[in-house]
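Enquirer: sequence and predicted structure below; questions after.
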Amino acid sequence: MTPTQLEHLKHVTRRKFFQQCGTGMGALALGSLLNEKLFAAPAESAGGSTLPGAHFAPKAKNIIYLFQSGGPSHLDLFDYKPELIKRNGQKMPDEILKNIRLAQIGKEAALLGTSYQFKQYGKSGVWLSELLPQLSTIVDDVAFVQGFYSEAFNHDPATLFMNTGAQLSGRPSMGSWFSYGLGSENKDLPAFVVMTTGVGQPLTNNSWGSGFLPTVHQGVQLRSQGDPVLFVSNPAGMSAERRRQSLDAVRDLNQMRYDVLRDPEIATRISAYELAYRMQTSVPDVMDISKEPQSMQEKYGTTPGRASFANNCLLARRLVERGVRFVQLYHRGWDHHGGPDGNLVFDLKKRCLETDQPTVALIKDLKERGLLDETLIIWGGEFGRTPMMQGSLMPDNIGRDHHPHGYTVWLAGGGIKPGIVYGKTDDFGFYATEDKVHVHDLHATILHLFGLNHTKLTYRFQGRDFRLTDVHGEVVKPLLA
Amino acid sequence: MTKAVLRKAGPSIYLAGLLGLAGAPIGQRALAAEPPRVDFARDIQPIFIKRCYECHGPDKQKSDLRLDLKPDAVRGGKSGKPFWVVGQSSESPLVARITSNDPDEQMPSKGERLSAEQIRLVKAWIDEGAVWPDEKRHWAFNQPVRPAWPVVQNKPWPRNEIDAFILARLEKEKLTPSPEADRTTLIRRLSLDLIGLPPTIEEVNAFLNDHNRDAYEKVVDRLLASNHYGEHLARGWLDLARYADSNGYQVDLARSMWPYREWVINAFNQNMPFDQFTIEQLAGDLLPNATLEQKIATGFHRNTKLNDEGGGDEEEYRTKAVKDRVATTGTTWLGLTVMCAECHTHKYDPITQEDYYRLFALFNTTADKGNYSPEPAVAVPAPPLGARVNYLHDRLAAVRQELAAAEKQLPVEQAAWERKMAGSSNLWVTLDLTNAISTGGATFTNLPDQSLLATAVNPTYDTYQIEAETGLKSITAILLEVLPDPSLPKNGPGRWSQTGNFILDELGLTAAPRSGAGISPNSILFGKATADWEQQYYRAEHAVDRNPKTGWAIGPKFGQRHFLIAELKAPINFDSGARLGFRFDSYHGNNHTVGRLRLSVTGESDPAKLWPLPPEVADLLAVPAGQRSAEQQRQLAAHYRTVSPIIRDLEREIFRLNERESELANTKFTTLVMKEREEPRPTFIQVRGNFLEKGKEVTPGTPAFLPPLPAAEATNRLALARWLVSPENPLTPRVTVNRLWERVFGIGLVKTSEDFGKQGELPSHPELLDWLACEFMLPSSTQLSPLASQPPHAWDVKHLLKLMVMSATYRQSAAATEAQLEQDLFNRLLARGPRFRMDAEMIRDQALAVSGLLNPEIGGPSVYPEQVPNLWKELGFLRPEIGMDEWPTSQGPELYRRALYTFWRRVCTYPTFATFDAPSREVCVSRRPRSNTPLQALAALNEPTLLEAARVLAQRIMLQGGAEPGQQIDYAFRLCLARAPTKLERLRLANLYQQQWKSFERDPKSAEALVSQGAAERPASLDVPKLAAWMMVANVLLNLDEMLTKG
C-alpha cells in the first residue's frame, strides 16, 4: 500500500469518527484525535520494533548530519601522509592519474604535502591536524572512515550524490527517506529540518527535497533570520489570539462543508490547519537559544541572534531532544582552490575555528544528556581535495582541487563503534585502498542503524521500486558497535 | 480503528476490513481476470526480474542461462538440462538452487535469500504445471480501435459517448451516478478547469439568468475562446517541457526562454492541432522554410539544464542534456520510462539499450553545448511592454514631484548644515600610500596628488595590499576616492577595458599602533558605507559587508571621480597614531579592478559632517552667510545638493527609471533554439550509461517494438516528430487524451499518466480511453457543437476538452455518499463529480482575481512578484544576470501578473509554489503530487501577496459590497466561491466580523499595521478598524478548503 492510500484510509477513520460524534466538535477534540503524525507516513512495518516502520530493532533514533559543503581537505585535517610531504613539489606518478578527470587543475600539477602539524590521539592512534584541537579530545567517541569515496567531482552532482544517492536531481534526499520510513517523534515539528550557514558554493534545495516522495517529507528549512519557517509568523497587527479566532472560523466553515460533501480531504485540511497553528508556537520556541544557560552558550560558542554554525549545533541538540528525526546542518566555504576567498591557509583555518568547538560541544552535550547513544552524528563533505596543488605557494593563493576518489568522513554515536579508524588511502591520499566505503555503503549503513533494510525501504515511481541506495550498497558491519 | 491495530494487522487486512473490499480495489487488479492458482506474470516473473535477470537476463547470461525469454528458460543453461521439471518441484534444479545451503550452489548468488513465501510460490508454480503463458502484446502497444457504444440501462442519463462508457461500468459495479451539481458549482468548476480563474459575479449571474437550453454550452464556448485558456493549458504543458528561466545546476544563471512560453500559450489559444504542436516543438527548425515561430517552438528541448560551474566536462553535460531529451520525449509522447534503458535493457518494457541509443542518436546531432553557452539562440521581436512603460512614466512623475517637494526644504536643511559645518574645513587627512602589492602582478605608481595608479599587468582578478601611517590618534572613518586617469581604459577609474568600471568586492582594513613594532595588526570592522554614486545592485555597503560575492561599482558614470565613505564600527584609538593595512579585493573577473585611488582618514565623530568638502566650498563656508555674493550662494547650494541624502536618493531613482525606460526600449530579446550541427556526430552505446565508455556505434531510429520510421525520409528529429503523431503510433493519442482527462478529473484513466508500460497501471476504462484516442485523431462525435463555429479537426484539443466538460459525468455533484466512499474512495469510477485541490499557481491567481488585483496581461518576459527577502542570498546564489544575489522585486502592476509569469529559478523554486507541490522544472514532470500539509496552511494564511489580496478584497467588500454586513458577506462569498453562503455560514462570518471589528476598535494601532500589508493602493476614506476586520474575514475566505479546491 502506498502512503497516499494509507493517508486516505486514515481519512476514512476520521470520517467514521465524525459520524459518531456528529458535528460541532470543538477544536480540542480535533486537535487531540485527528492531528497525529501529519508529518509522518510510516512505511509498511514488520512490527515488534520501537520505531514505527522499522524492519528490525534500531540502534539510533535521530541523526545530525554536519554537512561540510565545498569539500574539506582530508589531507590537511585527517589523513596524514608523510610520503606526500616528502614528495612535495614533485609530479604525481602517471599510473595514478591515468584514468582521472580533474575539475580545474592539470595532471602536471605539483604534489603538495600538508604544512600543518599532525599528532596521534586516543586509543585508535588516529592522526589529527593541529587545526582540530577540540576534536582531538573526543576521538575515542569517533569512527574515522578514511577509505571513503564518491564518484562525482563537480559540486552539484557530488552534493546530490551524497544526499540523494544519485548525481541527477529528482531523487528523494536521505532525510526524506527517513521521514518517509520512520516519521517524526514530535507531532508539532517536521521530521526533517535543514539549517545553513557560511558563504561559498551555493546550495540547492533539491539536496533536501523529497523528489518523487510526497512533499510532506521534504526537508523544512529553519532560517536564522526572518521567519524561522517560511510564513510561520502572522503579519503585524495579527496577534496570536486573532489568528486563533480566524482559524476557529476556518475550521467551523470547513466542517460545515464537510457535512455536505463528506470529502475526506476536508478533514485532512482541518488537521493541517490545526498543526500549522501549533507550529506557530513550537517552532519559535525551539529556535530561541537564548533560553539556554550562559555556560551552555560558552561551550558551544554561540551568540543568540547571529547566524553561526555554533548556533545551529546548539539548535540541532534542541531539535533532536524534541524528537526531530533528521537534522542536517550545512556549513559552506570549504572549497579551497586557492585564491583570496578559498585557500588552505586563512580560509581553512577559519572554517576549522568556526566548526571545531561547536561540533565537539554538541557531541559532549549529547553524551552528558544520554542522547549520544541514540543520535548518529555524521561529519563530511561532498568530496575531499587533491594531493596536487592548485594556485601558488603564496599563503592566500594555495589550494587543492576537487577529489572524490578517497577522503575522510567521520561518524559518532547512534550505534557506531567508537574510537576506531576504518579504511585507508594510498600513500598520496589519492585512492581509497583498504576497507573502502562508497557513498551507497554509507547510506546502507545509516539506514541499518535505524532498523531499516536499505533494500526494503522502497517507493514505487514510474513503474520502479526506488531506493536511497539505488541497486547498490552494503552495510559496513565493522563500523557497527 | 487505531494505528496500533493497523501496524499489527498489516495494511492489506486493514484495507479489506475497513473498506469491505473483497480484494478488488479499483485499478490494476480489478481489471485482470482472476487467476486460478499461481500466476506466472503475477507471482513468478517479478521474482525472476528482481533476483535473477541481473545475471540471467537480457544483458548477461551467466552459465548460458536466460530467464527472461520462455524458450531459453525452458531449455536451461549450459548443463543442457531443463531448469525445472514440470510437476516435480523436488526434481527441479531451480528449486535445488534457491533452497541450497551450499554457498557455491545457492541462488541468488548475491544479496538476500529468497523468502519462504517466494520459494513456496516457485515450488507451487512448478507443481501446478509451470504454466508460462505466451506473452500477449502489452495493451498499450496495440493500435487503438474505436469501440462501439456500450449498452446501458439508464438510457436518458448519457449526454455523450463519454457518459455511456462511464455509466456502463457504474452499472456493472451497481453504482448510480450522482445528481447534476447546481449551476454556481458548475460555472466555478468550468472556469477553474478551462481558464484557471474563478468566474466573476456578473458571469455567474448571466449563467443563472440564462434559461436557454444551451446556456451551459455557451459558458463552455466562452471559456474555450478566452485567451486565459491558453495560459491555463500552457501551465501544465510547461511542467512536461521543464520550462524555467534559469540554467539549473548549482550556479543556475538566468536564461531568456519566455518567447517559448509565449509560443505555447498562443498555440493553445489558436487550438493548434496537436500533431502540428508536436512537430513544431520537436523539429520546427527542420521544417522547410521554417518560420521564426517554428524555431521558437523548438525551445521545448532547449529547456535542458546547462552547467555553469567551473571545471565541468563539456561533453559530460552535453550528454546529460541529450539523455534528458530522450527521457522527456519518452514521457511526454510515448508515456514510457525510456530512460530506464540508458544503462541496461529495460527490465519490464521491450526497450533494449540499443533502442535507447538509437533514440539518443536522433537528438545527438544538435549544435548546443552542455555548459557555459546558451547558444544557439535567435532574436525575437520586442514584446508589448505597454503596462511596464506606463508604470515607469507614472513612477517618474511621482518621483519628480517628491524631488520638487524635497527641493523646497533644501534651504532650511542647508542652513542647518552650514551651522554644523561652521568652522570646519575639510576634515579628511590624505594618506601617503606605501608598500603597495598586487597579488595579480600589477605595479603601482605614486602620483603627486597622493593617489596610486595601477599600471602594467592587468589581471582578471586581483587583490591589492597597501600600507599607510598616520599620526591621528583616533580614526572613525576612511575615505576612498577613485579617480579618472588618461592611462586607464576609457579614462577609468577602473581597469575593465569595455567601460573603465571596477567592482570593489571587499575593502579590508587592519590597524596596529605606529610605535609598537611587532604588534600584529587587528582586523577592523566597518559599519555604514555611503558613496556619491552607486551602480544599481552594486551598493557602497556591499564593499564592507564581508561578503565577497557583493561589491561596489559605479556604472554607468565612468571616467569621473567617485568616492566612498566607510565608517568604522568602533574607532581606532592609538596614542602613537596608527599603521594601516588596506586590502582591495576584486573577485568579479574581467579586470574589474580599481585603476587609480586615494585614501584619507578622519577622526570626526559626527557622521553628518563626513561628506568631503572641496577647498573652494570650505572657503565659501568661511564667508558669513549675509556677505556671500549671489554666485557664491549658487555655488554653495549646488554643493549642498550633493550632500543631501534625500536629494541624492531621489536623483538616483530618476536616473534609474530613465535608464530602465531606455533599457526596455533597447533590449534585444532572444530565445534558445535547437539547431543541427554541421558535422554529424556519431552515436555509440554508452556502457552502463557512462559517456566515457563507448560500446558499438548505432544508427538513429525508433524502438524496434514500435513501428519503424518511414524509410523514405531522412532519419532525423523531424522524422521522429512525424512518427510520434502518425496513425501507426498507438501511444501518443492515448497518452495525450489521458493527460487531458487527468487535468479535468484529477486522476487519469491510466493513473500513471507518465507510464503506459507494463509497470504502469491498467486503465480504469480501457474502452473509453481508446474511444477518446480515436476521437482525438479523427473526430466523429455528433453529440455536440450546435454552437461551435467550426467543426472539430484532427488532433483537436479544445474539442476533446469540450467533450469532457459537456459530459453528464463531469456535471455531477461532488458530494460523496457513504456507499461511494466505501466502494470507490478515490472516485476512479466517477459516480460523483471531480473534486481536488488546485495547483499552486491557481491558488495565487484566484486570490488576485477575487480581490481585483490581477493584472490580466498575457505574455512577455518573466516578472518578480513579492518574495521572501534574502532567500537567494541564504543559499548563496548569484542573481543570475548580473552576478548579485537579490530577487529584483518587480514594481507596480508587474507584481500582480498570473503565477505563470513568475521568474522560475530551478534551484530555488518560488516558495509558495514549491509548498503547493510545484516541481523544480529541472526534469520533465507528468503529474504533480497533491499533498495537504501544515506548511501549505501557513503559506495560505501568511504569504505576503495572499495577505495583500485579503486586504484589497476587504476594500472591495467595503466599497462595493453594500451597506450592511450581511450583504457584504454575501458579496464576498460570491466573489470567492460563486455561490451564496448558507445561513449558518453567513452567521459564522458575521460573528467573526463583529468580534474583530470590536477588537480593532479598541486597538487601532494593530488595525493600521494589519491593513498596511502590500504595495497596492488603499483609499484613505475607509475606516481602518472596519477594514482590518474585513481583512480578517477575507483571509478566512481565502483559506477555506472550498477556496483551495476545485469541486
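Expert: Yep, that arrived.
Enquirer: give me the low-pLDDT residue ranges for the stretch 301-450 of chain A?
Expert: In the predicted model, the stretch 301-450 of chain A carries pLDDT under 70 at residues A:340-341.
Enquirer: do you have the strands of it handy? List them.
Expert: Per DSSP state E, counting those that start in this stretch, the stretch 301-450 of chain A has strands spanning A:326-331, A:375-380, A:384-391, A:398-403, A:407-412, A:420-422, A:424-425, A:432-434, A:437-438. These are given in chain order.
Enquirer: chain B is nearest to which of those strands?
Expert: strand A:398-403 (7.2 Å; C-beta to the nearest C-beta). All C-beta spots, glycine's among them, are computed from the backbone N, C-alpha and C.
Enquirer: let's see that closest one as CSV, backbone CA atoms only.
Expert: Below are the C-alpha coordinates for strand A:398-403, written out as CSV (Å, rounded to 0.1, in the frame of the first residue of the first chain):
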residue,chain,number,x,y,z
ILE,A,398,47.4,28.0,-2.1
GLY,A,399,44.8,25.4,-2.7
ARG,A,400,43.7,21.9,-3.8
ASP,A,401,41.2,20.8,-6.5
HIS,A,402,38.1,18.6,-6.0
HIS,A,403,38.8,14.9,-5.2
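Enquirer: what's around residue B:486, how many residues?
Expert: Around residue B:486 there are 6 other residues, counting by other C-beta atoms under 10 Å in any protein chain shown.
Enquirer: let me redo that: residue B:343
Expert: Applying other C-beta under 10 Å, I find that residue B:343 has 15 neighbouring residues.
Enquirer: which residue is the nearest non-sequential neighbour of it?
Expert: In this structure, residue B:343 finds its nearest non-sequential neighbour in residue B:689, 3.7 Å apart by C-beta to C-beta, 6 or more residues apart in numbering or on different chains.
Enquirer: for whatever helix or strand residue B:395 lives in, which helices and strands make contact with it?
Expert: Per DSSP states H and E: residue B:395 is located in helix B:386-421. With contacts defined as 3 or more C-beta pairs under 8 Å, 6 or more residues apart in numbering or on different chains; DSSP states H and E, helix B:386-421 has these neighbours: helix B:630-643, helix B:645-666.
Enquirer: on that earlier part again, just put the strands of the stretch 301-450 of chain A in CSV and tack on distance to residue B:159.
Expert: Below are the strands of the stretch 301-450 of chain A laid out as CSV (distance: least, C-beta to C-beta, whole Å):
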stretch, distance to residue B:159
strand A:326-331, 52
strand A:375-380, 61
strand A:384-391, 67
strand A:398-403, 64
strand A:407-412, 64
strand A:420-422, 70
strand A:424-425, 73
strand A:432-434, 68
strand A:437-438, 60
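Enquirer: so which of these gets nearest residue A:457?
Expert: Minimum separation from residue A:457 across the strands of the stretch 301-450 of chain A (C-beta to C-beta) falls at strand A:326-331, 13.8 Å.
Enquirer: mind listing what the closest one pairs with, with the direction of each?
Expert: According to DSSP bridges, strand A:326-331 has the following sheet partners: strand A:62-68 (parallel), strand A:192-197 (parallel).
Enquirer: which of these has the lowest mean pLDDT?
Expert: Taking each of the strands paired with strand A:326-331 in turn, the one with the lowest mean pLDDT is strand A:192-197, at a mean of 91.
Enquirer: strands paired with the following helix or strand past that strand, and their directions?
Expert: If you walk from strand A:192-197 toward the C-terminus, the next helix or strand you reach (DSSP H and E) is strand A:220-221. The sheet places strand A:220-221 alongside strand A:192-197 (parallel), with pairing taken from DSSP bridges.
Enquirer: for residue B:627, give its distance to chain A.
Expert: Plainly put, residue B:627 is 53 Å away from chain A if you go by C-beta to the nearest C-beta, to the nearest Å.
Enquirer: now do the same for residue A:179: helix, strand or coil?
Expert: For residue A:179, the reduced secondary structure class is helix; criterion used: DSSP: H, G, I helix; E, B strand; the rest coil.
Enquirer: on that earlier part again, in a markdown table, list the strands of the stretch 301-450 of chain A along with mean neighbour count.
Expert: Conversion of the strands of the stretch 301-450 of chain A to a markdown table gives the following (neighbours: other C-beta atoms under 10 Å in any protein chain shown):
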| stretch | mean neighbour count |
| --- | --- |
| strand A:326-331 | 26 |
| strand A:375-380 | 24 |
| strand A:384-391 | 27 |
| strand A:398-403 | 25 |
| strand A:407-412 | 26 |
| strand A:420-422 | 21 |
| strand A:424-425 | 22 |
| strand A:432-434 | 17 |
| strand A:437-438 | 20 |
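Enquirer: mind listing what residue B:72 touches?
Expert: Residues in contact with residue B:72, defined by C-beta atoms under 8 Å, 6 or more residues apart in numbering or on different chains, are B:61, B:65-66.
Enquirer: nearest to chain A among the residues you listed?
Expert: The shortest separation between chain A and any of those is 18.9 Å, and it belongs to residue B:61 (by C-beta to the nearest C-beta).
Enquirer: so who does that closest one touch?
Expert: Residues counted as contacts of residue B:61 (C-beta under 8 Å, 6+ apart) are B:55, B:72.
Enquirer: how close does it get to residue B:77?
Expert: As for residue B:61, its distance to residue B:77 is 8 Å (criterion: C-beta to C-beta, to the nearest Å).
Enquirer: same deal with residue A:175?
Expert: In this structure, residue A:175 and residue B:77 are separated by 44 Å, where distance is defined by C-beta to C-beta.
Enquirer: residue B:38 is in what secondary structure piece?
Expert: Assigned by DSSP H and E, residue B:38 falls within no helix or strand.
Enquirer: what is the mean pLDDT for the helix or strand hosting residue A:242?
Expert: Counting by DSSP H and E, the element that carries residue A:242 is helix A:240-261. Averaging the model's pLDDT scores along helix A:240-261 yields 96.
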